[in-house]
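Peer 1: A predicted structure for the sequence below; I have some questions about it.
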4 protein chains.
Amino acid sequence: MAGSTYGTIFKITTWGESHGKAIGVVIDGCPAGLPLNEAVIQRYLDRRRPGASSITTQRREADAVEILSGVFDGRTTGTPISLLVRNTSQISKDYSEIASCYRPGHADYTFDAKYGFRDYRGGGRSSGRETIGRVAAGAIACKILEQMGIFVCAYTRSIGPVEADMSRFDRQAILETPTAMPDPQADQAALKHLETARQKQDSVGGCMECIAEGLPAGIGDPVFEKLDANLAKAIMSIGAVKAVEIGDGCQTALRYGSENNDAFRTENGSVTKTTNHAGGILGGISDGSTVIIRAYVKPTPSIFRTQQTVSQSGEEIQINIKGRHDPIIVPRAVVVMECMTALTILDALLVNMTARLDSIVSFYRK
Amino acid sequence: MAGSTYGTIFKITTWGESHGKAIGVVIDGCPAGLPLNEAVIQRYLDRRRPGASSITTQRREADAVEILSGVFDGRTTGTPISLLVRNTSQISKDYSEIASCYRPGHADYTFDAKYGFRDYRGGGRSSGRETIGRVAAGAIACKILEQMGIFVCAYTRSIGPVEADMSRFDRQAILETPTAMPDPQADQAALKHLETARQKQDSVGGCMECIAEGLPAGIGDPVFEKLDANLAKAIMSIGAVKAVEIGDGCQTALRYGSENNDAFRTENGSVTKTTNHAGGILGGISDGSTVIIRAYVKPTPSIFRTQQTVSQSGEEIQINIKGRHDPIIVPRAVVVMECMTALTILDALLVNMTARLDSIVSFYRK
Amino acid sequence: MAGSTYGTIFKITTWGESHGKAIGVVIDGCPAGLPLNEAVIQRYLDRRRPGASSITTQRREADAVEILSGVFDGRTTGTPISLLVRNTSQISKDYSEIASCYRPGHADYTFDAKYGFRDYRGGGRSSGRETIGRVAAGAIACKILEQMGIFVCAYTRSIGPVEADMSRFDRQAILETPTAMPDPQADQAALKHLETARQKQDSVGGCMECIAEGLPAGIGDPVFEKLDANLAKAIMSIGAVKAVEIGDGCQTALRYGSENNDAFRTENGSVTKTTNHAGGILGGISDGSTVIIRAYVKPTPSIFRTQQTVSQSGEEIQINIKGRHDPIIVPRAVVVMECMTALTILDALLVNMTARLDSIVSFYRK
Amino acid sequence: MAGSTYGTIFKITTWGESHGKAIGVVIDGCPAGLPLNEAVIQRYLDRRRPGASSITTQRREADAVEILSGVFDGRTTGTPISLLVRNTSQISKDYSEIASCYRPGHADYTFDAKYGFRDYRGGGRSSGRETIGRVAAGAIACKILEQMGIFVCAYTRSIGPVEADMSRFDRQAILETPTAMPDPQADQAALKHLETARQKQDSVGGCMECIAEGLPAGIGDPVFEKLDANLAKAIMSIGAVKAVEIGDGCQTALRYGSENNDAFRTENGSVTKTTNHAGGILGGISDGSTVIIRAYVKPTPSIFRTQQTVSQSGEEIQINIKGRHDPIIVPRAVVVMECMTALTILDALLVNMTARLDSIVSFYRK
């Protein structure tokens, strides 16, 4: 089926395989009049680009984006924006050995079970490179949100046992540390942990967090299209994410109601809350506080240790994975989480414009 | 916007408010030929019905379902099935006091922020009674899945600090214990914990788990419509759920790849895994193992203690909630989780029928 | 599949069979704040009600609508509106003879081919009674459009060879003549034609037209969601419609470009056209002129003459249809066309609110 | 909004402007296992390519298609297929004069009304070049349908007053005559008519017809997703189409029921009809007969005569259109109609696989 499209009004369709000719995305429903050029998008793509540090795959790609449609005289026209990134550094032979067997923790077996065969080169469609389309589209969503005074920011919360100390939160560090942690000290400790894992030919899991500030109250829908439900889907659709929390998440299950309820109060004439256990969402609708989402990411399944598995023909075999693989997924997935959050929030804002009759009538009366 | 519809092929649309005339659901896309009558559905509705035990609200409703369309001669016809449950026990005066203020932890404020006003009686559309439609539709989904050899089962995993011991797993206990725990001993401990909380005019959170057995490998789509992404949305759309895990969930973030990867092996000629950390899903597609989902539920926000809040006119006030409220949401939400899981899995199975050309061609050749 | 839902933002889901317990519709996505009660809807339902004149079926039903949800204190709340009409005058035995054979021109055979069996009573889901849900929902759409200064009006253009003379256009006559013609003289001629047909145990086709006035320029989308494309679908989805024209329709195929192009001019500072061959739509987007749609409706397939057909078991047989049938479909379908047009236009207006970035930014800044 | 996507399961998203860098389409939901290469698609693109004869625009483009994703080892993988056609022959200066005025019969004014500004080069997104994406995707749909024994074929039925004589129907002539008429004699007469029009600096309208043979009975859904409703939308979404007929279309409005009903009979044990006034669809569902659709196309709005219009600043002016324009749209639109029909029918077939429970259960049991 058609599972490569995301969004109701601001709709993106990603396409492309890790070792195909190119990767891309079509954004349909981007409002007209947004100033846009390649540089706006490239800045986000560079954050997920491989080869940027010692802890990412040595595959080096420029991942240079080309805008093919939907922009005229430097502004979006309201028609679909097609973005293209050519694949330039495929080394497909690295994958020839695994063409006929199933790597543990990967989608090789499930793709075969679904489609009967698969593009095995570099994971094909289930490669992390698929997220290039998400990030390119998300860069545009972020730019629109900024114009509305809404800022989305994701970062690494923990790597293995090493957690960022949020009292040292430093937004600049997210872009500068190899781990995308907002705490340079934790970054150093995490790098050490990663180095140890690498020496053991192993990989490591971690946690990433995303916040959205400036979102007005009233966004999201009450039943199936709850803002938190859509965020959960958006974030869980990022490869390797195994859990999603909103606000205090799992912790709330251990609390009493009197501990967990956020009291309302007023500040400068508007309603706010004394605490934010809820993570900015009540009944699926934003409450005006910071939206907080956390994602737990499994360790990279590609490890260099010998593993037990099964071949396509059903034999039990041993596998030694080669190729170029990150020892941890989190640092490069942080920008993907930021983008998926931005896409979800922007779409909810657009959908919400039709919630009240008086707003609609006055919109068309102007 | 239209946020009351769920599903791609097996599509349900719920409607109704807690204190309106009725609650209901329309199921569009149910395949023709399923034997169906009210009793099949009532069995599921009875599991979420209030008044069944000491730990649920004292609101007593028969919640009797009526099939209005889509069934002829005892079988579904393929046309929409409309199901209706009349509300019979509304005591709306209980809510008159809270009409003009915002209950902490509830959607009162966010509804006002979105729509400009709200049906304040019993929470209106954000009431737990909205799930009647989900459960009625889910009962049908479960019956179809059973015909395909797929069984979905949800239960209470923990209540506050009291956890079920899964080595004592007893499927019958789920339906018989007031807590919906699969472990009668834990049930007793949990009831004590709840009694203590109630005496303190407080409420308690908890965790519920759902498993799906018999799902073939190959179900779910690779990118945005991953099976786990859709399950995350489905479960997070249940009121009060604040976190969703697939398989080992949050724990995987603390692991090494060598610990977390599930090795493949063969059993009776088919591919299986030695462990199931992944919870039955790889790359968004089912792998043939048991699908495992966990949901963390916040404590009931309606507590009888005095709380700080704000009135609709912006005054900071104190509120004393009255009415009839469960001290914990989990036991009655378990069947909702089971139903949302069944709906999601069934829809993925239907969508998946078009994945391979040879299957399509032979489908129409017969 | 799920084919009973219509609309993107203002979404309606109809359900119910001709001889089931009830017929209904759920409207999801109706903006909050619209004053609404049963009388608003009943006025439209009465226009399609049977038994109102000599040229409609003698089945007499009150078709009284009940609002079950989504309205509080006399206004819509933004949550789904569930509307119910109980069936009260089913005479199912009339259909027992046709249970096992296929009426020419009806959907009996195609339903069996699709679903394997069918609810044969009164045509089941393919009965004209299905349109009750469309009309009930359309009444709400019309009321919203009126608040925006947009008026939709449908009428009978011709019955058999008898055409309304548009130079005598009389809006009131549409509601008062049995034929729903805007020309009382043509109405009389048409009634004579119908009487002749009835005496021959035959039925008659006709044409209906719908205009929408006050629609601003800029509504509709350029490619697949063209306003005319969506209108074509909406109108063709009404049973028995076999052709749809926009503006001058078929006639344009015989013209030269110099005849068919509508010249632009200005009037009171705004752009308008000297003619309206285009029917108010250019490139799929409204141009500010009156939108004009025409639908050609086949004769009622249920005729009392003996016809050749085939039984469910494959025998060639003769059939004599009994029951209560209109000799022409058009007069009662006119209000359905009006409603489907209103639903389509309203949805396009809601979708269009997100077309320009500056409008979105200023919407959220206020 | 997102109006560039078409289809429910077999979903296509087109993008690109007439004078942008490229035109393309993403096909999501194409089943795995279809042999596919560029040549399959190019054959269809060549049928709509400009410059092929005296009656098409002199813009000459190779319109060479490149497959960027979704195909591996010569077969579709089930993942999105991205197709790209570079624009190579833009002469944008031809359009500089019309940048600030509204061409009669074009979408210039309505685009400005909607989006606030437009890509005026060559019509931008409303150019006929947008259909490249539809045809590229439709070529794939046709290939799949062929494997199921279903054949779709469109041709020119009339040009101005010159009609093809269907008793001389010659399928090969469709591909060989410049007019795409199935009757070489009518082709000659039509060419003369076009030459006369061209000398008068004028353009001509026409009618095209499409038939689908081999479609099994039972395809399409009963209410809003009727097969004829979806075909009407698909065909009306092609630029310049102003009317759509199914079967005998408008003619049925002038008939008696006894003339218009198609009697059923049996042939070789299966149900068929003695006539096919219905055009192969009853109650929105295919009946096993040939599906017949007709589309009426207005004359090319770009004519070289001086026309009255309005400038962007609101002045009434005269316009002389330059550039390269076909004197008739029909011959190159025929393949677009064929492709939109194929896409619609294929999607209906895929959706229909879930209509019956027994088929679903046996699908998964194998």
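Peer 2: Here it is on my side, so go on. Residues are numbered from 1 along each chain as shown, chains lettered A, B, ... in the order given.
Peer 1: low-confidence ranges in chain A?
Peer 2: Within chain A, the stretches with pLDDT under 70 are A:1, A:50-54, A:56-60, A:90-95, A:366.
Peer 1: and the helices in it, which stretches?
Peer 2: Per DSSP state H, chain A carries helices over the ranges A:38-48, A:108-115, A:131-147, A:171-176, A:184-199, A:227-236, A:257-260, A:330-352, A:357-365.
Peer 1: nearest to chain D, of those?
Peer 2: Ranking the helices of chain A by distance to chain D, with C-beta to the nearest C-beta as the measure, places helix A:108-115 first at 3.9 Å. (C-beta placed from N, C-alpha, C; glycine too.)
Peer 1: could you give the angle of the closest one to helix B:357-365?
Peer 2: Helix A:108-115 and helix B:357-365 are oriented at 30 degrees to each other (axes from the mean of the first three to the mean of the last three C-alpha atoms, to 10 degrees).
Peer 1: turn the helices of chain A into TSV, including mean neighbour count and distance to A:Ile55.
Peer 2: Listed next are the helices of chain A as TSV, based on neighbours: other C-beta atoms under 10 Å in any protein chain shown; distance: least, C-beta to C-beta, whole Å:
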stretch	mean neighbour count	distance to A:Ile55
helix A:38-48	19	13
helix A:108-115	24	24
helix A:131-147	24	17
helix A:171-176	15	14
helix A:184-199	18	6
helix A:227-236	29	22
helix A:257-260	22	37
helix A:330-352	27	7
helix A:357-365	16	48
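Peer 1: okay if I get these as CSV plus distance to chain B?
Peer 2: Shown next, in CSV, are the helices of chain A (distance: least, C-beta to the nearest C-beta, whole Å):
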stretch, distance to chain B
helix A:38-48, 16
helix A:108-115, 4
helix A:131-147, 9
helix A:171-176, 18
helix A:184-199, 6
helix A:227-236, 4
helix A:257-260, 4
helix A:330-352, 4
helix A:357-365, 7
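Peer 1: which of these sits closest to C:Ile293?
Peer 2: In terms of C-beta to C-beta, the element of the helices of chain A nearest to C:Ile293 is helix A:357-365, at 21.5 Å.
Peer 1: so how far is that closest one from its chain's centroid?
Peer 2: A distance of 35 Å separates the centroid of the chain from that of helix A:357-365, by C-alpha atoms, centre = their mean, to the nearest Å.
Peer 1: is it anywhere near chain D?
Peer 2: No. Applying C-beta under 8 Å from any C-beta of the partner chain, one finds helix A:357-365 separated from chain D by no less than 12.6 Å.
Peer 1: is that helix in proximity to chain C?
Peer 2: Yes. Using C-beta under 8 Å from any C-beta, helix A:357-365 comes into contact with chain C via A:Leu357, A:Asp358, A:Ser359, A:Ile360, A:Val361, A:Phe363, A:Tyr364, A:Arg365.
Peer 1: ok, the fifth one - contacts?
Peer 2: By C-beta atoms under 8 Å, 6 or more residues apart in numbering or on different chains, the residues touching A:Val361 are C:Gln147, C:Met148.
Peer 1: now swap in the fourth one and tell me
Peer 2: Counting by C-beta under 8 Å, 6+ apart, A:Ile360 makes contact with A:Met353, A:Thr354, C:Pro31, C:Ile144, C:Met148, C:Leu349, C:Leu350, C:Met353.
Peer 1: ok, the second one to C:Gly74 distance?
Peer 2: The one in question is A:Thr354. Note on A:Thr354: its distance to C:Gly74, by C-beta to C-beta, to the nearest Å, is 21 Å.
Peer 1: likewise for the fifth one?
Peer 2: In this structure, C:Met148 and C:Gly74 are separated by 20 Å, where distance is defined by C-beta to C-beta.
Peer 1: of those two, give the one with the bigger neighbour count.
Peer 2: Comparing C:Met148 with C:Gly74 by other C-beta atoms under 10 Å in any protein chain shown, the one with more neighbours is C:Met148, at 19 against 9.
Peer 1: look up how far C:Gly33 lies from the nearest residue to the more buried one once chain neighbours are set aside.
Peer 2: Among residues not flanking C:Met148 along the chain, A:Tyr364 sits closest, at 5.4 Å (C-beta to C-beta, 6 or more residues apart in numbering or on different chains). Going from A:Tyr364 to C:Gly33 by C-beta to C-beta gives 15 Å.
Peer 1: residues contacting the residue lying closest to A:Ile27 once chain neighbours are set aside?
Peer 2: In space, and not counting its chain neighbours, A:Ile27 is closest to A:Ile81: 4.4 Å by C-beta to C-beta, 6+ apart. Each residue near A:Ile81 by C-beta under 8 Å, 6+ apart is listed here: A:Val26, A:Ile27, A:Asp28, A:Cys30, A:Leu36, A:Ile67, A:Ser69, A:Gly70, A:Val71, A:Ile140, D:Trp15.
Peer 1: between the helices of chain A, which one is closest to A:Ala295.
Peer 2: helix A:227-236 (4.9 Å).
Peer 1: now for A:Gly323, how many residues are close by?
Peer 2: Neighbours of A:Gly323 under the rule other C-beta under 10 Å: 17.
Peer 1: I figured it was touching A:Thr300, is that so?
Peer 2: No. A:Gly323 is not in contact with A:Thr300 according to C-beta atoms under 8 Å; the separation is 11.3 Å.
Peer 1: now the residue of the stretch 1-150 of chain A found nearest chain B: phi and psi?
Peer 2: Residue of the stretch 1-150 of chain A nearest chain B, by C-beta to the nearest C-beta: A:Ala107 (2.4 Å). For A:Ala107, the backbone dihedrals (degrees, to the nearest 10) come out as phi -90, psi 10.
Peer 1: I'd say it and B:Pro222 touch.
Peer 2: Yes. Counting by C-beta under 8 Å, A:Ala107 touches B:Pro222, with 7.0 Å between them.
Peer 1: need the residues touching each of those two.
Peer 2: With C-beta under 8 Å, 6+ apart, A:Ala107 and B:Pro222 have common neighbours A:Ser126, B:Gly283, B:Gly284, B:Ile285.
Peer 1: of those residues, which belong to strands?
Peer 2: B:Ile285 (DSSP state E).
Peer 1: let me know the closest of the shared contacts of A:Ala107 and B:Pro222 to chain D.
Peer 2: Distance to chain D, by C-beta to the nearest C-beta, is smallest for A:Ser126 among these, at 9.2 Å.
Peer 1: what's the burial count for that closest one?
Peer 2: Applying other C-beta under 10 Å, I find that A:Ser126 has 26 neighbouring residues.
Peer 1: so what's it up against?
Peer 2: A:His106, A:Ala107, A:Phe111, A:Gly239, B:Pro222, B:Gly283, B:Gly284.
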